[in-house]
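Asks: 3D model of this:
(one chain, ligands or ions: 2)
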Amino acid sequence: MSSDQRESQQETTVDGSGTTTMRATAATTTFSSQRLRINPNNEHRPESYEDLKLDFPSAVYSSLEKYLPQQILVSSREEKVKFMTDIMLRHLPHGERSRVSTLTSSLELLPFTVMSSDQRESQQETTVDGSGTTTMRATAATTTFSSQRLRINPNNEHRPESYEDLKLDFPSAVYSSLEKYLPQQILVSSREEKVKFMTDIMLRHLPHGERSRAQRHSVYRQKIITNYQPLHKELYTLAPMQCFVPSFIKAINESSEKSFRSIISEPSPGVFVFDMLQPSFCEMMLAEVENFEKWVGETKFRIMRPNTMNKYGAVLDDFGLDSMLDKLMESFIRPMTKVFFSDVGGATLDSHHGFVVEYGKDRDLDLGFHVDDSEVTLNVCLGNQFVGGELFFRGTRCERHVNTTTKPDEIYDYSHVPGQAVLHRGRHRHGARATTSGHRVNMLLWCRSSVFRELKSHQKEFSSWCGECFCEKKEEKGRALDALRQVKAFD
Ligand SMILES: O=C(O)CCC(=O)C(=O)O
Ligand SMILES: [Fe+2]
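Replies: Ligands and ions are numbered 1, 2, ... in the order given. Next up, the predicted model:
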């Protein structure tokens with residue numbers, strides 16, 4: 001069963017041994033917006049979950065209980081299990097929890113695809129990456145520790161460390177609370193070793209497919225990072241003055257709709273265009289990508305391409321640019337998406353997939369019609385000299401309406417300009433025309449919100465941002481008004 005199925009399916013079965021199996025499902029609508037408490041409720045006496053077959057060790061559930069918000073704490077054991085499992089699954093790298101979705105059908109005679117980065121993970125079994133931005137990633141615990149198990153009874157004397165300053169695969173509260181179940185040998189080891197051990201324990205409890213994918217991801221990325229020598233080290237930490245044009249920095253510093261509007265144009269509803277990158281930064285980034293590809297060629301390292309539709313290009317997150325891109329999203333993109341794309345989780349973007357695409361001779365020629373696996377996409381042209389390559393937009397659609405016809409006012413074509421950024425909803429249908437000469441490289445940041453995805457999975461009927469839902473709603477309102485008028489006429 002895939003992680004995604006687990007998210008959408010509820011499954012409570014009793015097996016031959018009489019053990020109840022509770023599988024991960026999304027938390028119920030009422031609970032899905034709830035978060036773990038920052039400080040534990042130390043008065044709380046946790047339940048035991050040992051008689052259940054769960055996705056994670058039962059000790060994780062018992063120890064996590066005191067971080068539960070009050071509303072969940074007083075709910076049934078089943079609800080608590082669901083909530084906690086869901087919290088932990090939400091923290092897994094995106095690829096492992098989201099659906100591998102491809103949809104190919106025709107729209108205006110163009111092949112229409114839901115472009116995703118996830119498929120690349122399952123397609124290339126031998127070289128798989130880790131798609132997160134963690135400083136400490138899941139790897140198998142060291143040989144010395146791998147045979148160790150969690151204690152059955154917690155060591156209640158133990159005062160756990162805080163893990164809040166780290167980017168981890170699971171909530172930091174899980175690590176703090178799990179500590180007292182650590183065997184002595186691990187308990188006295190370094191924080192890094194403890195993180196590795198606990199992450200490994202939790203990953204071991206995931207279904208085989210997800211677990212091995214997560215581990216291969218990690219190994220793949222680690223291999224690149226330890227062997228690839230960056231050309232421009234300064235790219236790897238975001239220095240705003242070197243990276244952005246002054247007008248962009250000023251607008252972000254002021255951080256108001258007015259300041260954003262002063263540098264942004266919206267040539268078509270939902271498509272925002274603005275000057276963003278310094279030419280010198282674009283050049284450095286182009287050189288870094290070229291250097292990476294040279295290294296890939298020389299070492300014959302098989303790399304994963306950015307998504308299911310590009311044969312060329314590279315994933316920036318895979319060779320060390322993940323934390324820089326995280327900062328870019330959090331400090332420079334989210335302030336804008338909070339204002340312009342709050343309807344698709346623009347205020348809560350919390351993960352990204354960052355990559356470059358390349359077009360021209362000996363590269364991809366064009367890009368078919370698709371929607372991105374993102375809530376909001378940032379697309380910036382890095383250069384170089386090229387002809388063609390226009391982005392064509394054809395209206396925003398939800399999953400239900402992805403193949404509906406385009407309305408005339410939704411047609412918009414955009415010509416790329418080096419250094420200039422385009423910001424649009426991931427569900428805004430688009431594609432790129434052929435780059436007929438020269439070489440075009442664009443940097444893309446698919447920004448995602450786990451909160452939005454969670455909420456969306458419970459609200460299927462109507463999407464405020466979908467052009468077709470909007471029309472349906474309007475027609476419905478019209479019909480209701482007509483009916484009302486007729487009733488009035490009879491009165
Ligand atoms: O080539 C482009 O500029 C568009 C790329 C794109 O839409 C994507 O990678 O999702
Ligand atoms: Fe796209």
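
Asks: What are the buried residues along the top helix by length along the chain?
Replies: As assigned by DSSP state H, the longest helix anywhere in the chain is helix 467-490. Of all the residues in helix 467-490, those buried under the rule 16 or more other CB atoms under 10 Å are 467-469, 472. Placement of C-beta: from N, CA and C, glycine included.

Asks: what sits against the residue of the stretch 151-300 of the chain found nearest ligand 1?
Replies: Here the stretch 151-300 of the chain gets closest to ligand 1 at one residue, V271, 12.3 Å apart by CB to the nearest ligand atom. Residues near V271 by CB atoms under 8 Å, 6 or more residues apart in numbering: 393, 412, 414, 422-424, 428.

Asks: picking that back up, tell me the mean pLDDT for the longest helix of the chain?
Replies: For helix 467-490, mean pLDDT is 87.

Asks: Same question for stretch 223-232.
Replies: Across stretch 223-232, the average pLDDT comes to 95.

Asks: At the contact with ligand 1, which residues of the chain appear?
Replies: 115, 357, 367, 372, 379, 391, 430, 432, 442, 444 (CB under 6 Å from any ligand atom).

Asks: Try it again at 5 Å.
Replies: Proximity of the chain to ligand 1 is confined to 357, 367, 372, 432, 442, 444 under the rule CB under 5 Å from any ligand atom.

Asks: Now render these as JSON lines, adding distance to R479 and secondary structure.
Replies: Converted to JSON lines, these look like this (distance: CB to CB, whole Å; DSSP: H, G, I helix; E, B strand; the rest coil):
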{"residue": "V357", "distance to R479": "44", "secondary structure": "strand"}
{"residue": "L367", "distance to R479": "40", "secondary structure": "strand"}
{"residue": "D372", "distance to R479": "34", "secondary structure": "coil"}
{"residue": "A432", "distance to R479": "39", "secondary structure": "strand"}
{"residue": "N442", "distance to R479": "44", "secondary structure": "strand"}
{"residue": "L444", "distance to R479": "41", "secondary structure": "strand"}
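
Asks: what separates the closest residue in space to R397 that isn't next to it in sequence from R302, distance-wise?
Replies: The shortest distance from R397 to any non-neighbouring residue, by CB to CB, 6 or more residues apart in numbering, is to C466 (5.4 Å). Plainly put, C466 is 39 Å away from R302 if you go by CB to CB, to the nearest Å.

Asks: Mind checking which of those two has more residues around it?
Replies: For C466 versus R302, neighbours defined as other CB atoms under 10 Å are more numerous around C466 (22 against 10).

Asks: My read is that that one contacts C398, right?
Replies: Yes: using CB atoms under 8 Å, C466 makes contact with C398 at a distance of 4.0 Å.

Asks: quick revisit: and which of the buried residues of helix 467-490 is nearest L178?
Replies: If you rank those by distance to L178 using CB to CB, C469 comes first, at 43.0 Å.

Asks: check contacts around the closest one.
Replies: Per CB under 8 Å, 6+ apart, neighbours of C469: 398, 400-401, 462-463.

Asks: in the stretch 301-450 of the chain, which spans are strands?
Replies: 314-315, 351-360, 367-371, 376-383, 386-388, 391-396, 411-414, 420-425, 428-432, 435-448 (DSSP state E, counting those that start in this stretch).

Asks: Who does the first one pair with, and is each partner parallel or antiparallel?
Replies: The reference is to strand 314-315. Applying DSSP bridges, strand 314-315 is found paired with strand 351-360 (antiparallel).

Asks: which residues in the stretch 51-200 of the chain form strands?
Replies: Residue ranges of the strands in the stretch 51-200 of the chain, as given by DSSP E, counting those that start in this stretch, are 52-53, 105-107, 110-114.

Asks: Averaging pLDDT over each of these, report the lowest-scoring one.
Replies: When the strands of the stretch 51-200 of the chain are compared on mean pLDDT, strand 105-107 scores lowest, with a mean of 26.

Asks: Okay, now the unreliable bits of the chain?
Replies: When residues are selected by pLDDT under 70, those of the chain lie in 1-34, 90-114, 118-146.

Asks: Helices along the stretch 51-200 of the chain, start to end?
Replies: Assigned by DSSP state H, counting those that start in this stretch, the helices in the stretch 51-200 of the chain fall at 58-64, 70-73, 77-90, 94-97, 118-123, 172-178, 184-187, 191-204.

Asks: coming back round to it: against F392, how distant is the residue of the stretch 151-300 of the chain closest to ligand 1?
Replies: V271 sits 11 Å away from F392, taking CB to CB as the criterion.

Asks: And the longest helix of the chain, how far out from the chain middle?
Replies: Centroid separation between helix 467-490 and its chain, computed with CA atoms, centre = their mean, to the nearest Å, is 38 Å.

Asks: before we move on, back to that, out of the helices of the stretch 51-200 of the chain, which is closest to M336?
Replies: Nearest to M336 among those is helix 94-97; the distance by CB to CB comes to 21.5 Å.

Asks: so what's P57 up against?
Replies: With CB under 8 Å, 6+ apart, P57 has these contacts: 150, 181, 201-202, 205.

Asks: partners of the closest residue to T406 other than its chain neighbours in the sheet?
Replies: Leaving aside its chain neighbours, T406 sits nearest to R394 (4.4 Å; criterion: CB to CB, 6+ apart). Beta-bridge partners recorded for R394 (DSSP bridges): I411.

Asks: Would you check that R394 makes contact with R429?
Replies: Yes: R394 lies in contact with R429 (CB under 8 Å); the separation is 4.5 Å.

Asks: So which of those two has more stuff around it?
Replies: Comparing R394 with R429 by other CB under 10 Å, the one with more neighbours is R429, at 26 against 22.

Asks: show me what contacts that one?
Replies: 107, 112, 369-371, 393-397, 402, 406.

Asks: domain ranges for this structure?
Replies: With domains defined by automatic domain parsing, the chain comprises 3-97+137-221, 230-460.

Asks: how far is stretch 449-469 from where the chain is centred?
Replies: Counting by CA atoms, centre = their mean, stretch 449-469 comes out at 16 Å from the chain centroid.

Asks: actually stretch 324-341, not the one I wrote
Replies: Centre-to-centre, stretch 324-341 and its host chain are 14 Å apart (CA atoms, centre = their mean).

Asks: okay, now the residue of the stretch 301-450 of the chain found nearest ligand 1: neighbour count?
Replies: Closest approach between the stretch 301-450 of the chain and ligand 1, counting by CB to the nearest ligand atom: A432, at 3.5 Å. A count of nearby residues for A432, using other CB under 10 Å, gives 25.

Asks: Who is it paired with across the strands?
Replies: Beta-bridge partners, per DSSP bridges, of A432: L367, L391.

Asks: ok, it touching L367?
Replies: Yes: using CB under 8 Å, A432 makes contact with L367 at a distance of 4.0 Å.
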